[in-house]
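J.: could you work out the structure for the sequence below:
(one chain, ligands or ions: 2)
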Amino acid sequence: MQLPFMGTFAIDDFYTGTRAALAGGTTMIMDFALPQKEESLIEAYHKWRAWADPKVCCDYALHVGVTWWNNKVPQEMAQLTREHGINSFKMFLAYKDLWQLNDEELLEAFKACKEIGALAQVHAENGDIIKENSKKLLALGITGPEGHEMSRPEEVEAEATMRACVLANQVGCPLYVVHVMSKSAADVVRAKRKQGCVVFGEPIAASLGTDGTHYWHKCWRHAAAFVMGPPLRPDPTTPNYLMDLLANGDLQTTGTDNCTFSASQKAIGKDDFTKIPNGVNGVEDRMSVLWEKGVVSGKMDACRFVAVTSTNAAKIFNIYPRKGMEVHGTADFVISGGKVVVEDGELKCVAGAGKFVATLPFSPAVYSRIENRDRVYAPRKVIRAPYDGVVTAMNVTLASVESQIDSGDTSGISSSQGNSFYGRGRRSVPPTSTSAVFNLHESTFSVAGDQPCDQSPVKRSSIKVNNPPGGKSAGSFW
Ligand SMILES: NC(=O)NCCC(=O)O
Ligand SMILES: [Zn+2]
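T.: Ligands and ions are numbered 1, 2, ... in the order given. Okay, the predicted model is just below:
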């Protein structure tokens, strides 16, 4: 609501926006407080509270954006979590030169979230690629809304989604992917969840209800109305696909990213698609779109509808159980905070009646698995008896080794020296043990065939290793 963005302000403010939410059956919203570069996160939070508190008609909470990085930012994040009821932070992989963080900053932000029990959220698109593609398209004379989608196709969203999942997983941070707009990005979320990552995916009313073919509409005003980031996808099977994933549990919640601009605001970009303010509506329509495309279509039952529109988000953002709502398909009556605010289609909401809802850190729905993983997968050292054999003296030269061998004194030479590059021809070194038994568990292993501790008189032919001991790994270690 009223987001300052791309040279203007989103046209829904906290009054009209929350009024619309209630009219559609939504009794609490979560908005984003997004600091400008270098602006204090705490100041941005207070600014949004001052905008919202006198105007909201329903309850609301805030996510705060981490739109730039220095060593003060994690301190402010911790303070927001401790003192101001913020338990989620949004990081942008897009909007280069405005809000975009690089990978190093993302890692720091993810580490900070984990430390304070917050949920990391990402806007997943590769801003560097978008910048490059936009330049090319504009140079080709493609200035209309279709250029918006062409500059940031599915792959650009999927890459950033994958990168965010990997970075977050590497530091054990739970991740929430906002506005999942494409089949490819949804597939990444699904695959990462199957691999055990703690990641949640949120399609929105727009991506579930319509598609990106509108960007090619002949009426500029019509096409521009659909411009948002990441874009709606021209593949018309996308909404059904996302709904199926939502129905079967691969995606978890539904948002809107409600960020509306009038036609005249969109027209800031009438000659250049990169200047069209990004954002679409949805806060009033979300429940109806979900009911129609989710339940009436037969993809999900009423209980799953409640879960994906309300309960799952409440659990993830640690404000469950606190809300209760009975629905009859459309919002004939809406009760918010014990008061009837919609009765027979008539809105009876009051500005300032909503209250700020603090969100506490370490949401059990998010952190119980993280804590379990940390405990089970914690790196552990192998407990073993100390090595009590010979240790090679450092700075041993070839000459000194050879003179020791010639004199028959091999006590100071480790077996690895004996079989080193220089030692290959000297198999006449007398074995210190006559046993031919070879304990692979206690040896190091050379794919070249020679065992560094091999003192058996039996000369072995080379060993071809197709599979390393312990099996193959998908990683790079082997
Ligand atoms: N999504 C969008 O186009 N506008 C709102 C800002 C953002 O989250 O990207
Ligand atoms: Zn976003």
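J.: next one: phi and psi at the nearest residue to W216 once chain neighbours are set aside?
T.: Of all residues not flanking W216 in the chain, E146 sits nearest, at 5.2 Å (CB to CB, 6 or more residues apart in numbering). For every residue, glycine as well, the C-beta is placed using N, CA and C. Torsion angles at E146 (phi, psi; degrees, to the nearest 10) stand at phi -60, psi -30.
J.: which residues touch L246?
T.: Going by CB atoms under 8 Å, 6 or more residues apart in numbering, L246 touches 203, 208, 252, 254, 294, 300, 308.
J.: ok, back up a step: just give me the neighbour total for the residue nearest to W216.
T.: As a burial measure, E146 scores 20 neighbours (other CB atoms under 10 Å).
J.: residues contacting it?
T.: 215-216, 223, 273.
J.: kindly export stretch 78-92 (C-alpha atoms) in PDB.
T.: The C-alpha trace of stretch 78-92 is given here as PDB (Å, rounded to 0.1, in the frame of the first residue of the first chain):
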ATOM      1  CA  ALA A  78      17.900  -7.900  15.400                       C
ATOM      2  CA  GLN A  79      16.300  -4.800  17.000                       C
ATOM      3  CA  LEU A  80      13.300  -5.000  14.700                       C
ATOM      4  CA  THR A  81      12.800  -8.600  15.700                       C
ATOM      5  CA  ARG A  82      13.400  -8.000  19.400                       C
ATOM      6  CA  GLU A  83      11.400  -4.800  19.900                       C
ATOM      7  CA  HIS A  84       9.100  -4.200  16.900                       C
ATOM      8  CA  GLY A  85       7.400  -7.400  16.000                       C
ATOM      9  CA  ILE A  86       9.100  -8.100  12.700                       C
ATOM     10  CA  ASN A  87      10.000 -11.700  11.900                       C
ATOM     11  CA  SER A  88      10.500 -11.600   8.200                       C
ATOM     12  CA  PHE A  89      12.900  -9.600   5.900                       C
ATOM     13  CA  LYS A  90      12.700  -9.300   2.100                       C
ATOM     14  CA  MET A  91      15.800  -9.400  -0.100                       C
ATOM     15  CA  PHE A  92      15.800  -8.500  -3.700                       C
END
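J.: how distant is stretch 210-219 from the center of its chain?
T.: 28 Å (CA atoms, centre = their mean, to the nearest Å).
J.: end to end, how far does that stretch reach?
T.: Stretch 210-219 has an end-to-end distance of 17 Å (CA to CA, to the nearest Å).
J.: of the contacts of L246, closest to ligand 1?
T.: P203 (12.9 Å; CB to the nearest ligand atom).
J.: and that closest one, how many neighbours does it have?
T.: 31.
J.: okay, it: pLDDT?
T.: Turning to P203, the model gives it a pLDDT of 98.
J.: how about the helix or strand containing A191: buried residues?
T.: When elements are assigned from DSSP states H and E, A191 belongs to helix 183-194. Across helix 183-194, burial judged by 16 or more other CB atoms under 10 Å covers 183-190, 192-193.
J.: over to stretch 96-108?
T.: For stretch 96-108, by 16+ other CB under 10 Å, it's 96, 99-101, 105-108.
J.: just the ones of these in helices?
T.: Applying DSSP state H to the buried residues of stretch 96-108, the entries found in helices are 105-108.
J.: tell me which two of the contacts of E146 sit farthest apart.
T.: When CB to CB is used, the two most widely separated members of those are W216 and F273, lying 12.4 Å apart.
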